[in-house]
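Colleague: below are the sequence and a predicted model; questions follow.
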Amino acid sequence: MSKNKPGDIEVKTFATHHVIVQPNPLRKVLRRVPDDDRDDPVARAEKALEGLSGEFKNWMTIEADRLSAAWDAIRNDGFNEDTRGELFRAAHDIKGDAVTFGFPSAGAAANSLCRIIEHAPDLAKVPSDLIMHHINAVQAIVRQRTKLDTAAMASELSRQLRGVTDEFLTRANRDRPEHLEAILAPSIVPAE
């Protein structure tokens, strides 16, 4: 009878049951580190992010400009699958990157815009001012980041946009009550 190789599945048989033991392929790539090794990969990652932090404002400015360009395309060509998708992707990217880049209120405003795009039954019937207010909020938060008093104002602005968005979506989806529960799920607006 041949012995099992380390990469084989092993079946242990007992009186009342069987236990299947699968090989662990990670053992081949795992490197044991001595206890006296003080390397902290999280600290290294945070230090690398800190080194890049000078670029964060530039990156957010580029993302905010992309959002504005997507809105300009909608104003020129109207809502279609491509323009809607680009507006959503631009807002979604800001929502995802904003906290890491130090702009959590811009992320909250972008999140509110994503909610409109996702949950409005007909985007063509969404007041253009509502979308424009979200885009202007993101632009203002990103551009005015250097002022000390902007953090509280930006957070309040994002909170108010969320309230207006929820009110609009509630009215727009009044005939779809099963949809309202998902729309009005609470979200956390991070503080700056």
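Modeller: Perfect, thanks for sending it. No experiment lies behind these values; they were computed from the predicted model shown.

Colleague: where does the protein dip in pLDDT?
Modeller: Along the chain, segments meeting pLDDT under 70 span 1-7, 53, 145-155, 176-192.

Colleague: how about the helices of it, start to end?
Modeller: Listed in chain order, the helices found in the chain under DSSP state H are 41-52, 56-77, 81-101, 104-119, 128-143, 150-172, 177-183.

Colleague: for the ones you listed, which one ends up most surrounded?
Modeller: helix 104-119 (a mean of 25; mean count of other CB atoms under 10 Å). Every residue, glycine included, has its C-beta placed from N, CA and C.

Colleague: so how far is residue 121 from the nearest residue to residue 99 once chain neighbours are set aside?
Modeller: Excluding the flanking residues, the one nearest residue 99 by CB to CB, 6 or more residues apart in numbering is residue 107, at 5.5 Å. Distance, residue 107 to residue 121, using CB to CB, to the nearest Å: 25 Å.

Colleague: now swap in residue 47 and tell me
Modeller: From residue 47 to residue 121 the distance is 47 Å (CB to CB).

Colleague: before we move on, what about residue 134?
Modeller: Taking CB to CB, one finds residue 134 at 18 Å from residue 121.

Colleague: just residue 9 next, same as before
Modeller: Residue 9 sits 52 Å away from residue 121, going by CB to CB.

Colleague: neighbour count: the two, which is higher?
Modeller: Between residue 9 and residue 121, counting by other CB atoms under 10 Å, residue 121 is the more crowded of the two (13 against 9).

Colleague: which residue lies nearest the spatial centre of the protein?
Modeller: residue 96 (2.8 Å; CA atoms, centre = their mean).

Colleague: ok, the residue lying closest to that residue once chain neighbours are set aside - contacts?
Modeller: Computed as CB to CB, 6+ apart, the closest residue to residue 96 that is not its neighbour in sequence is residue 107, at 7.6 Å. Neighbouring residues of residue 107 by CB atoms under 8 Å, 6 or more residues apart in numbering: 94, 95, 96, 97, 98, 99, 190.
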